[in-house]
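1. Need a 3D model of the following:
(one chain, ligands or ions: 2)
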Amino acid sequence: MAILVTGGAGYIGSHTVLYLKDQGEEVVVLDSLEKGHLDAVQNTTFYQGFIHDEPLLDQIFTNHQIESVIHFAASSLVGESVEKPLEYYQNNVLGTFSLVKKMVEHGVKNIVFSSTAATYGEPDNTPIVESMMTNPTNPYGETKLAIEKLLKWCEPAYGLKSVCLRYFNAAGADPKGTIGEDHQPESHLIPIVLQVALGQREHVSIFGDDYDTEDGSCIRDYIHVMDLASAHYLSLKKLKESNKSNIYNLGIGNGFSVKEVIDVCRQVTGHEIPAQIAPRRAGDPAVLIASPERAKKELNWKPEYTHLREIVTHAWNWHVAHPNGYSK
Ligand SMILES: NC(=O)c1ccc[n+]([C@@H]2O[C@H](COP(=O)([O-])OP(=O)(O)OC[C@H]3O[C@@H](n4cnc5c(N)ncnc54)[C@H](O)[C@@H]3O)[C@@H](O)[C@H]2O)c1
Ligand SMILES: O=c1ccn([C@@H]2O[C@H](COP(=O)(O)OP(=O)(O)O[C@H]3O[C@H](CO)[C@H](O)[C@H](O)[C@H]3O)[C@@H](O)[C@H]2O)c(=O)[nH]1
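-> Ligands and ions are numbered 1, 2, ... in the order given. Have a look, this model is predicted:
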């Protein structure tokens, strides 16, 4: 039996594919390659195409014995979603609609879904526990919450079981250095800061220093991408054993401000990394810190890389070895 990984050529998807294969799982990847990289999924059964291509999904579900889906494929930039909400609803909500419809038609009962901390919006308290109110502050988070709700209603109707993983900020790279983060254009904080250290950018902009935080910059919970990968594996295992849907936060449980992240990158790279204060980015909440206790307790998940310095070191090793990402 195989696992279909949508968006498996992307950043988190490719690290999860690597992890799943290491555990002996059979994997089939579907990715449009609009953002992903074929080199990130070498020696893996691969289909280039869209999750809303229903004939292609029929072909994949017919050709392979797919027992479960891990669903990463999405548009996922907070700022861009504020500018292009229609594109976000089309790719994320309508795309997932087709995927789930075809899963139901082909009798595939298990899905692990990439949700996000952005479903919570501006939480009243930290750390965030799963029972807190969801109230997204941007269209990206709204589309992910809409998908969580779609999955919830598909359980009583069609017996579809789901695990929604609300990740906080994915960072780092495969510690062995085989794959890493390469978004084009890059918008995420840590790779941008490392591109400054590599001399590819003159400075990093700090989006807002007037938030209600100690140093005025936004606070996020950075989680190593391989710890995310192991959580997907454990979620699927638990789902198949218990036949019970659930929602889990995935973060370390510690927050770092933008300024603190830049300081850690300075220590790791030995580069001065010039930074400039810039206006706030639309849709950004001030503080997002996870309580990962439910995932630790129920999935027996033990994050391996809990120090930001270690996470940044793995990212830096990848960037130094691949200054132009996957492009030759
Ligand atoms: N990076 C983070 O910190 C973070 C945090 C929370 C949640 N997430 C979620 O995790 C998932 C993966 O994020 P990522 O950072 O790896 O993003 P990514 O852009 O690197 O990967 C997404 C992949 O999906 C593919 N894709 C997009 N739309 C598609 C479609 N309609 N059909 C087929 N393929 C499609 C892209 O080509 C890309 O390879 C996303 O769902 C994202 O919303 C990411
Ligand atoms: O050049 C930059 C880039 C980012 N930031 C700041 O750094 C923090 C982290 O930003 P990222 O773009 O790296 O990540 P986000 O927190 O915006 O988004 C991540 O977490 C979200 C959940 O909140 C979503 O799930 C999204 O997919 C995922 O990339 C934010 O405060 C952002 O304003 C800067 O100051 N300068």
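
2. Isn't residue 60 up against residue 54?
-> No. The criterion here is CB atoms under 8 Å, and residue 60 misses it with residue 54 at 10.7 Å. C-beta coordinates here come from the backbone N, C-alpha and C atoms, glycine included.

3. And those two? Which one has more around it.
-> Under the criterion of other CB atoms under 10 Å, the comparison of residue 60 against residue 54 puts residue 60 first, with 22 against 14.

4. So, low pLDDT: which residues of the stretch 51-200 of the chain?
-> Residue ranges of the stretch 51-200 of the chain with pLDDT under 70: none are present.

5. Spell out which parts of it neighbour ligand 1.
-> 51-52, 72-74, 76, 91, 95, 114, 116, 167, 169-170, 183 (CB under 6 Å from any ligand atom).

6. From the residues you listed, which land in helices?
-> residue 95 (DSSP state H).

7. Quick one: the residues of the stretch 51-200 of the chain next to ligand 1 as JSON lines, columns for neighbour count too.
-> JSON lines is the format used below for these (neighbours: other CB atoms under 10 Å):
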{"residue": "51", "neighbour count": "28"}
{"residue": "52", "neighbour count": "19"}
{"residue": "72", "neighbour count": "27"}
{"residue": "73", "neighbour count": "27"}
{"residue": "74", "neighbour count": "24"}
{"residue": "76", "neighbour count": "26"}
{"residue": "91", "neighbour count": "21"}
{"residue": "95", "neighbour count": "23"}
{"residue": "114", "neighbour count": "26"}
{"residue": "116", "neighbour count": "24"}
{"residue": "167", "neighbour count": "23"}
{"residue": "169", "neighbour count": "21"}
{"residue": "170", "neighbour count": "23"}
{"residue": "183", "neighbour count": "16"}
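
8. Please identify which pair of the residues of the stretch 51-200 of the chain next to ligand 1 lies farthest apart.
-> The largest distance within those, taken as CB to CB, falls between 52 and 169 and amounts to 27.4 Å.

9. Residue numbers of this protein in contact with ligand 2?
-> Residues of the chain found near ligand 2, taking CB under 6 Å from any ligand atom as the criterion, are 76, 78, 116-118, 169, 187-189, 192, 204-207, 218, 220, 258, 281, 284, 288.

10. Sort out for me which of those are in strands.
-> Within the residues of the chain next to ligand 2, residues falling in strands by DSSP state E are 116, 169, 204, 205, 206, 207, 220.

11. Out of the residues you listed, which end up buried?
-> Among these, those classed as buried by 16 or more other CB atoms under 10 Å are 116, 169, 204, 206, 207, 220.

12. Give the residues shared as contacts by residue 60 and residue 54.
-> With contacts taken as CB atoms under 8 Å, 6 or more residues apart in numbering, not a single residue reaches both residue 60 and residue 54.

13. Just confirm residue 209 contacts residue 262, I think it does.
-> No. In this structure, residue 209 is not within contact of residue 262 by CB under 8 Å, at 11.8 Å.

14. So which of those two has more stuff around it?
-> Higher neighbour count among residue 209 and residue 262: residue 262, with 21 against 17, using other CB under 10 Å.

15. What ranges does the chain have for its strands?
-> Using DSSP E, strands in the chain cover 2-6, 26-31, 45-48, 66-71, 110-116, 161-167, 169-171, 204-207, 219-220, 222-224, 246-250, 256-257, 275-278.

16. between the ones in strands among the residues of the chain next to ligand 2, which is nearest residue 143?
-> Taking CB to CB as the measure, residue 143 sits nearest to residue 116 out of these, at 9.6 Å.

17. Now do the contacts for the nearest residue to that closest one once chain neighbours are set aside.
-> Of all residues not flanking residue 116 in the chain, residue 144 sits nearest, at 5.0 Å (CB to CB, 6 or more residues apart in numbering). Contact partners of residue 144, counting by CB under 8 Å, 6+ apart, are 74, 92, 114, 115, 116, 118, 119, 136.

18. same thing but 6 Å
-> Shown in contact with residue 144 (CB atoms under 6 Å, 6 or more residues apart in numbering): 115, 116, 119.

19. Pairing partners for the first one in the sheet, please.
-> It stands for residue 115. Note on residue 115: beta-bridge partners residue 166, judged by DSSP bridges.

20. domain ranges for this structure?
-> What automatic domain parsing lists as the domains of the chain is 2-171+222-250, 189-220+253-321.
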